[in-house]
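Asker: next comes the sequence, and after it the predicted model I'd like to discuss.
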Amino acid sequence: MTASLDQDPVVAFLGLGLISGSLAGALKASQWGAEIIAWGPRAPSLERGQALGLIDRFSLDLAEVINEADLIVIGAPPVATAKLLPEVLAHAAQGKQPVVTDMASIKGAIVDAAQPFYPKFVPGHPIAGSENSGVQAANSDLFQGREVILTPVEGTDSTAIAAVEALWVTAGARVTQMSVAEHDAALAASSHMPHMVAYALTAMLGGHVLEPMKHGGGALRDMTRIAGSDPIMWRDIALANRDAILEAMDAVSREHDQLRALIAERDGAALEALFSDCRGLRRGHDGILNPMLKNEESSA
């Protein structure tokens, strides 16, 4: 039986990197009342996480960790999560039936991999990250004011959803729910597409004869920051969410072509109108995109 919501459950992280380590750190900072444990295929990252005070202990025995947990968080990239999930759910169903959730940024492939159906599996995705990777980059404030999207399916246990929501609220996040298809389409546009733009821009700059990266300022820094992200993870995301990303890329291409035409035609009025609309749209969402700044302003 999973721990009730009036007490903190034993949380087990399967895989300990930037995102899972940051969540573990946030729970520790909140004075979490139960053990935080971890599993991984190799010891070094787990040892670093324990040395940093993010987890209480770890084991390389997956079944052992699953059997001890009330709430399991799979902290692996999408492809690795999809591979690990059936084994985790099979162990969970045979034992004390803990709540299981994940943090992968694509949900369709994850839900497809969650077989056989396990009612206490709650697919999730925190909309937070960094160009850095590894548990050593963990930041306990990473989720403050950030959105976490849960994508439960028909038959998902309501108490399991509540337990996962409580976990993320404790970490400082705001929780919303979407369907799997809506999530993957929205994230292709809002998260995956910006990475593709950053990679394309950085590749162009790298091949430029004048080496413009040497002369960049704040704009270039901001636009290319995420090109420093984990290339293996983003390769997997690009392929796993291929169709939705291609649709988003086509939409951006249409906007790019329109902008190019306005510049070619020297249509200053239309350019100013477009830029003004974009400024208004961006500034209108500043409270979402810069939640820490919003919190600082409200407390001033």
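Answerer: Structure's in. What do you need? On a predicted model such as this, the values are computed, not experimentally measured, just so you know.
Asker: give me the spatial nearest neighbour of residue 135, chain neighbours excluded.
Answerer: With sequence-adjacent residues excluded and distances taken as CB to CB, 6 or more residues apart in numbering, residue 135 is closest to residue 21, at 4.0 Å. All C-beta spots, glycine's among them, are computed from the backbone N, C-alpha and C.
Asker: could you pull out the buried residues of the helix or strand where that neighbour lies?
Answerer: Using DSSP states H and E, residue 21 falls within helix 18-29. Neighbour-count burial for helix 18-29 flags 18-28 (criterion: 16 or more other CB atoms under 10 Å).
Asker: does anything pack onto the helix or strand just after it? Which helices or strands?
Answerer: Next helix or strand after helix 18-29 toward the C-terminus (DSSP H and E): strand 36-39. Helices and strands touching strand 36-39, by 3 or more CB pairs under 8 Å, 6 or more residues apart in numbering; DSSP states H and E, are strand 11-14, helix 18-29, helix 43-51, strand 57-59, helix 62-68.
Asker: who does strand 36-39 pair up with?
Answerer: Sheet partners assigned to strand 36-39 using DSSP bridges are listed as strand 11-14 (parallel), strand 57-59 (parallel).
Asker: that older thread, for the helix holding residue 21, what does the pLDDT average out to?
Answerer: For helix 18-29, the mean pLDDT works out to 96.
Asker: what does it rub up against?
Answerer: 11, 13, 16, 36, 38, 49, 52-55, 73, 75, 103, 126, 128-130, 132-135, 137-143, 167, 170-172 (CB atoms under 8 Å, 6 or more residues apart in numbering).
Asker: report the buried members of those residues.
Answerer: 11, 13, 16, 36, 38, 49, 52, 54-55, 73, 75, 103, 126, 128-130, 133, 135, 138-140, 142-143, 167, 170-172.
Asker: restricted to strands, list the residues you listed.
Answerer: Applying DSSP state E to the buried ones among the contacts of helix 18-29, the entries found in strands are 11, 13, 36, 38, 73, 126.
Asker: the helices and strands packed on strand 36-39: which one's closest to residue 79?
Answerer: With CB to CB as the criterion, residue 79 lies closest to strand 11-14 of the helices and strands packed on strand 36-39, at 14.5 Å.
Asker: who does the strand or helix carrying residue 100 pair up with?
Answerer: If you go by DSSP H and E, residue 100 is part of strand 99-102. Taking DSSP bridges as the criterion, strand 99-102 forms sheet pairs with strand 71-74 (parallel), strand 121-122 (parallel).
Asker: which residues are in contact with it?
Answerer: By CB under 8 Å, 6+ apart, strand 99-102 touches 2, 9, 70-74, 76, 81, 85, 88-89, 92, 110, 118, 120-124, 150, 157, 160, 163-164, 167.
Asker: tell me where the model's unsure across the chain.
Answerer: 1-6, 292-300 (pLDDT under 70).
Asker: look up how far residue 108 lies from the spatially most central residue of it.
Answerer: Centroid-nearest residue in the chain: residue 126, 4.1 Å away (criterion: CA atoms, centre = their mean). Distance of residue 126 to residue 108, computed by CB to CB, to the nearest Å: 17 Å.
Asker: one step back: with only the CA atoms kept, save the strand holding residue 100 in CSV.
Answerer: Extracted in CSV, the C-alpha atoms of strand 99-102 (Å, rounded to 0.1, in the frame of the first residue of the first chain):
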residue,chain,number,x,y,z
VAL,A,99,3.1,5.1,-7.4
VAL,A,100,5.3,5.4,-10.5
THR,A,101,6.0,8.6,-12.5
ASP,A,102,8.5,9.7,-15.0
